[in-house]
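Asker: Task: produce atomic coordinates for the following.
(chains A and B)
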2 protein chains.
Amino acid sequence: MSSRDSIPRPTVRRLSLYLREAESLLQAGHRTVSSSGLATSLAVTDAQVRRDLGHLGQKGRAGIGYRLAPLITRLRRALAVDRSRNVLIVGAGRIGRALMAYPRFDQRGFRIVAVVDADTSLVGRAIDGHVVQSVDQIETIVVDGDIEIGIVAVPEADARAVAQRLAACGISGLLNFAPCRLNVDVPVIDVDLSSSLEELAWAMAEPG
Amino acid sequence: MSSRDSIPRPTVRRLSLYLREAESLLQAGHRTVSSSGLATSLAVTDAQVRRDLGHLGQKGRAGIGYRLAPLITRLRRALAVDRSRNVLIVGAGRIGRALMAYPRFDQRGFRIVAVVDADTSLVGRAIDGHVVQSVDQIETIVVDGDIEIGIVAVPEADARAVAQRLAACGISGLLNFAPCRLNVDVPVIDVDLSSSLEELAWAMAEPG
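Answerer: You can find the predicted model right below:
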């Protein structure tokens, strides 16, 4: 890719979908995929697929399409997921536990290496093979565990303080499930599952 | 709004964010918000905010900005979340349980009215005030409970069969947490939490 910051954010989301689709096709024994094949399974247009993959310097060949193996390599590189990263989950409540059990993180190179919680009754308990540690240990865990990503899965009241501590000890990015802006100087992606329901409500109301 | 299908999907995602921000400002006692205020808190440009809200026929006034109350009304109408909807969760595992405890659904008018699971040892158990019912009851529950939205939170192997049953008994839309395409004739929004981590990895790798 010529210049990574030239890729708009919605394109990044689609690249992530192309990657998933390409990986599952390769796993199913396919060697190539056409732009229309990708377009149909992801409900976008052919032209969109060709434009998006053009950003990565990938051109499909007429009658053959894109070769899957190099396409996957380029997609992983473009998304910066061509290596694994250590992840700390802060908060072993419902959301934290759902994330611990989420198989796709590991498949995508996001390795959950530590889980902390403020609840002392949880500290020391093993959940999904992770022994919950005290939230007091955040700084040590991040530094010693070479943690790049923190997942904030704590109640809203605690989220900003947790984020500031994570940022202060050198975390590189945060995935935030708390319903508030974190206001820290590292990249944050806010996850609001009700936005997905709103998007669905909108799609349901669409004519046709 | 003049024509709802003229709003592109990425705009819909931003409208959802504007709505969240506008609601929290109103709750905090504000009456108005400027386009630059919205732009800063959501990390988009001023011009983008004005263009997006222009789609809804909302124009800010110089020196005053947008009045929050009518803005919220228009955003809810545009997103088709100006009324409540009944939701069925299929699957009372980790993800299903995290969703049951998710306060924002209710705040946004998505009412979880039933939960089903295939595991007979879970059937009859109360989780978060919901008594888990048998997956065999899906058809009755959807029809009698006036369910519009189904949340598919079952393992991949079961997801398509569940989706087909939901579609066959008249559900209007599905939110899918299983790592596969559902291939049904109703609108589906696929949620892949690892996409959010990929988006974060990409943002972390951006220069500057």
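Asker: can I assume A:Leu38 is in contact with A:Glu21?
Answerer: Yes - applying CB atoms under 8 Å, one finds A:Leu38 in contact with A:Glu21, separated by 6.1 Å. In this view, the C-beta of every residue, glycine as well, is placed from N, C-alpha and C.
Asker: the inter-axis angle of the lengthiest helix in chain A versus helix B:9-27?
Answerer: The helix that spans the most residues within chain A, counting by DSSP state H, is helix A:9-27. For helix A:9-27 against helix B:9-27, the angle by axes from the mean of the first three to the mean of the last three CA atoms, to 10 degrees is 130 degrees.
Asker: from the chain's centre, how far out does helix A:9-27 sit?
Answerer: Averaging C-alpha positions (CA atoms, centre = their mean, to the nearest Å) puts helix A:9-27 12 Å from its chain's average.
Asker: right, and the helix or strand after that helix?
Answerer: Scanning forward in sequence from helix A:9-27 by DSSP states H and E, the next helix or strand is strand A:32-33.
Asker: Outside of that following strand itself, list whatever touches it.
Answerer: A:21-22, A:25, A:64-68, A:71 (CB atoms under 8 Å, 6 or more residues apart in numbering or on different chains).
Asker: tell me which strands and helices the longest helix of chain A is in contact with?
Answerer: When contacts are defined as 3 or more CB pairs under 8 Å, 6 or more residues apart in numbering or on different chains; DSSP states H and E, helix A:9-27 sits against strand A:32-33, helix A:35-42, helix A:46-55, helix A:68-78, helix B:9-27, helix B:193-205.
Asker: one more time with 10 Å, if that's ok
Answerer: Helix A:9-27 is packed against strand A:32-33, helix A:35-42, helix A:46-55, strand A:66-67, helix A:68-78, helix A:103-107, helix B:9-27, helix B:193-205, with contacts defined by 3 or more CB pairs under 10 Å, 6 or more residues apart in numbering or on different chains; DSSP states H and E.
Asker: Not counting its own residues, what contacts the fourth one?
Answerer: When contacts are defined by CB atoms under 10 Å, 6 or more residues apart in numbering or on different chains, strand A:66-67 is touched by residues A:18, A:22, A:26, A:31-35, A:37-38, A:49-50, A:53, A:58-61, A:72, A:74.
Asker: now the residue nearest in space to the middle of chain A: how far from B:Ile149?
Answerer: Centroid check for chain A by CA atoms, centre = their mean gives A:Phe105 as the closest residue, at 7.5 Å. Distance of A:Phe105 to B:Ile149, given as CB to CB, to the nearest Å: 26 Å.
Asker: Same check on A:Gly173?
Answerer: 32 Å.
Asker: Output the contacts of strand A:32-33 as TSV; include the columns pLDDT and neighbour count.
Answerer: TSV is the format used below for these (pLDDT from 0 to 100; neighbours: other CB atoms under 10 Å in any protein chain shown):
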residue	pLDDT	neighbour count
A:Glu21	89	18
A:Ala22	92	22
A:Leu25	91	19
A:Ile64	84	11
A:Gly65	90	18
A:Tyr66	94	24
A:Arg67	93	16
A:Leu68	94	18
A:Leu71	94	24
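Asker: Is the longest strand seen in chain A positioned near chain B?
Answerer: In chain A, with assignment by DSSP state E, the single longest strand is strand A:110-117. Yes - shown here: strand A:110-117 in contact with chain B (CB under 10 Å from any CB of the partner chain) through A:Phe110.
Asker: Next, the contact list for A:Val87, please.
Answerer: By CB under 10 Å, 6+ apart, the contact list for A:Val87 reads A:99, A:105-106, A:109-115, A:145, A:147-151, A:171, A:173, A:175, B:197.
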